[in-house]
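Q: Sequence and computational prediction follow.
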Amino acid sequence: DGSLLVATNCGGVVKISWDGKLIWKSGTSITGKFCSTGGGALGEDGVYYTEYNHDDGTPLASQAVIAAYQVTDGMLLWNMTFDYAGWQYPAVGRLGDNGPLALVAAIGGITVGPGKDANRLEKLAELAGTPVSLPNAVVAIDAASRRVLWRFEEKPWNSMVAAGDTMERIHRAGDDPLADRACVPDIQGIPLIAGDGTVYASSSHNGDL
């Protein structure tokens, strides 16, 4: 309809025209924090779906919020909170020819990159005497009823860094960005819903598809 939808990283949503004029603004308005990577998905039902964290996105203690906004006027239709964090926008599509319109979202604990989180979590793990356990899951939600259709849980990832990274590399990159690089991926790739209803998900903890 000649407009753009934009979702901020902490739950704000705006609709603007192609020439940059604001049509509506909705959602939360938080500045100075990093709650997710932002973005959203537009469904065939005329609803814009977003995912972000309830707080400022701490790797272990966040809660994912999935929200649905009416495209015509920005009205919040519903939101849901999950027990794991939400870092990326969901996929939306039908689970097969006769299947329901569904949201498929990645939720879980994110690995760390150079900086204060790496140092803080390493110290917490040391004090606790136990390894960090990061969850990772994919959840499918009926867009109309908000019923959880299914949920797939990965085996917990007992490391603060993704496969292929090491804490030594993380610290070197934090001390001198020219000395090393760290991958620091999201928890997963954005899930893909195929035409036959198959959902493809890719873990950024261990690299599994």
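A: Nice, thanks for sending it over.
Q: Just the helices from the protein, written as ranges.
A: Secondary structure of the chain (DSSP state H): helices at 116-128, 167-175.
Q: least reliable of these going by mean pLDDT?
A: With a mean of 57, helix 116-128 has the lowest mean pLDDT of these.
Q: Identify the residues contacting the closest residue in space to D83 that isn't next to it in sequence.
A: Spatial nearest neighbour of D83, excluding adjacent residues (Cβ to Cβ, 6 or more residues apart in numbering): Q63 at 6.7 Å. Every residue, glycine included, has its C-beta placed from N, CA and C. The contact partners of Q63, by Cβ atoms under 8 Å, 6 or more residues apart in numbering, come to 53-55, 81-86.
Q: W24 - how many residues pack around it?
A: Residues lying near W24 (other Cβ atoms under 10 Å) number 16.
Q: who's in contact with it?
A: Neighbouring residues of W24 by Cβ under 8 Å, 6+ apart: 14-15, 73-74.
Q: now swap in G46 and tell me
A: G46 makes contacts with 70-72, as judged by Cβ under 8 Å, 6+ apart.
Q: what's the answer for T72, then?
A: G46.
Q: pLDDT score for it?
A: 95.
Q: quick one on the thing from earlier: out of the contacts of Q63, which are buried?
A: 53-54, 82, 84-86 (16 or more other Cβ atoms under 10 Å).
Q: Pick out the most distant pair among those.
A: Farthest apart among the buried ones among the contacts of Q63 by Cβ to Cβ are H54 and Y84. That separation is 11.1 Å.
Q: Which of the helices and strands in the chain ranks last by mean pLDDT?
A: One helix or strand of the chain scores below all others by mean pLDDT, DSSP states H and E: helix 116-128, with a mean of 57.
Q: all strands of the chain, in order?
A: Assigned by DSSP state E, the strands in the chain fall at 3-7, 12-17, 22-27, 40-42, 47-53, 64-70, 76-81, 91-94, 101-108, 136-142, 148-153, 192-193, 199-200.
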